[in-house]
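K.L.:
Take a look and give me a structure for this.
(one chain, ligands or ions: 1)
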Amino acid sequence: MKVSKLFSTTLTPVLFLLAEGNKNNLTQAAPLENTFQGKTFPGLERFQAFNLLTLANAKETKVPKYDISEVINSPRRIDRNKFHACYKVDLKEGKSVHIFQYVSGRTDSIFGISWDEKDKTKGLLFPEPAHNSKLVALVNAKKAGLNGVFEIYDSEGWYEAKYKFSPLLVVPEHTTVNSNFLINTESALRKLPEKYADNLFKQKVQVILGKNVEDSYYHYYPHMKEEDAQGGTWQNLNGRKNLNVPAIYDPIDKMVIIPQQYIEYKTNRIIDSSDLKEEILSMVFHELGHAFDASSEVTHSDTDRFEEIYEQDKKKLQGTIKSSSTYYNFRREAFAELTAALLGGLSKQKSETILSMFPRSAEYIREELLPQVGVNITIRDVRENIYPYYLKN
Ligand SMILES: [Zn+2]
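P.N.:
Residues are numbered from 1 along each chain as shown. I've put the predicted structure just below:
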């Protein structure tokens, strides 16, 4: 078993089970105290879990902090079929523990931790937990590609490594995703302005990931599966099927749904987004642009005011662009894309396209709407960070 190469000393029975056995059964046998995941629709539980961890953080001051000392991902040292990487954490006196990242899982199950049981018994690893939260250490997760910290808990002799994902992010119980997909989505969410993300959270918006179209679109909307079986209903988009769509926003249940894998239009190739950081970033920002659009009593893009401004932009564009453009034909799409661009979630190319097409609409969102949720972006900010010729043409 390749994973044992990781550890110079005796493996704990825990690690052995995690590495060899069915980790899902194991998780059930020892349920996490502050589990993030609820039922199919996690709803309230997610909010409670978030508060619990926030509380734990408030008391973190006395807890020792560590950095990751080594990232191990060579297939010669770890079983890459099970683990994406292993993060070595050096403690005092030559002792260490390892946090490992599974290839796939959910927010509460993609990380594990292993330790030497003999060292633990002798008290050579982490100090005894000082309070009820059982938090014994914090590990900076930067080298694992994450902005926050791993929280190490000692739960009756059993260490657990948890990472507090964005409370917007949900991987429902019926599915698992590639852990890189999860981490890249998390990173994208952390790039949202804090107040913007807070507002979406208060509105109970969720970003729901699934392994594939079956576990995401078809799971929530069985009619989509029927439509696809009948050849798709998106005739206005050249016969695209639901399974060709990389991400959707459902304004009724306030869910952004992103399958890790979808089917490329025309080629029928499976596209796996796990390692496509830029695509994930723009998908997350665009879909949440729809969520922001729908976050007021009247959908922003449906107001007379926005419609008027948008039509002015369109009039100016006449003849200069293909009238089949999605943004040209759908106000809501233009709105979502403009918001994503202003917040810095799109590529240079995409930002330039949308901001130059709809400058008046962009200004309305920047000046009037984003400040309503505490997000203030200046024209200079846009020019310096996103599109240098903003409003200059
Ligand atoms: Zn859209």
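K.L.:
chain center to stretch 386-393: distance?
P.N.:
In terms of C-alpha atoms, centre = their mean, to the nearest Å, the centre of stretch 386-393 is found 30 Å from the chain centre.
K.L.:
Buried ones in it, by neighbour count?
P.N.:
For stretch 386-393, the neighbour count (16 or more other C-beta atoms under 10 Å) marks I386, Y387, Y390 as buried. Yep, even glycine has a C-beta here, placed from its N, CA and C like the rest.
K.L.:
show me where pLDDT drops low in the stretch 51-200 of the chain?
P.N.:
For the stretch 51-200 of the chain, residues meeting the criterion pLDDT under 70 lie at 51-61, 130-131.
K.L.:
Now do the domain split for this protein, please.
P.N.:
2-163, 169-385 (automatic domain parsing).
K.L.:
Which residues of the stretch 251-393 of the chain lie near the ion?
P.N.:
Residues of the stretch 251-393 of the chain lying close to the ion by C-beta under 5 Å from the ion are E333, A336.
K.L.:
Do a quick rundown of the strands in the stretch 251-393 of the chain.
P.N.:
255-259, 261-263, 270-272 (DSSP state E, counting those that start in this stretch).
K.L.:
Looking at the ones you listed, which is nearest to Y102?
P.N.:
The closest of the strands of the stretch 251-393 of the chain to Y102 is strand 270-272. By C-beta to C-beta, the value is 16.7 Å.
K.L.:
Could you identify which of the strands of the stretch 251-393 of the chain is most buried?
P.N.:
strand 255-259 (a mean of 25; mean count of other C-beta atoms under 10 Å).
K.L.:
Can you list the strands that that one pairs with?
P.N.:
Paired strands of strand 255-259, with direction, are strand 206-210 (parallel), strand 248-250 (antiparallel) (DSSP bridges).
K.L.:
Report the buried residues of stretch 276-289.
P.N.:
276-277, 279-289.
K.L.:
quick one: which of the residues you listed is nearest to V97?
P.N.:
K277 (28.5 Å).
K.L.:
related to what we said a few turns ago, including pLDDT, could the buried residues of stretch 276-289 go into JSON lines?
P.N.:
Below are the buried residues of stretch 276-289 laid out as JSON lines (pLDDT from 0 to 100):
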{"residue": "L276", "pLDDT": "97"}
{"residue": "K277", "pLDDT": "95"}
{"residue": "E279", "pLDDT": "96"}
{"residue": "I280", "pLDDT": "97"}
{"residue": "L281", "pLDDT": "97"}
{"residue": "S282", "pLDDT": "97"}
{"residue": "M283", "pLDDT": "97"}
{"residue": "V284", "pLDDT": "98"}
{"residue": "F285", "pLDDT": "98"}
{"residue": "H286", "pLDDT": "97"}
{"residue": "E287", "pLDDT": "97"}
{"residue": "L288", "pLDDT": "98"}
{"residue": "G289", "pLDDT": "98"}
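K.L.:
Sort out for me which of those residues are in helices.
P.N.:
Among the buried residues of stretch 276-289, the ones falling in helices (DSSP state H) are K277, E279, I280, L281, S282, M283, V284, F285, H286, E287, L288, G289.
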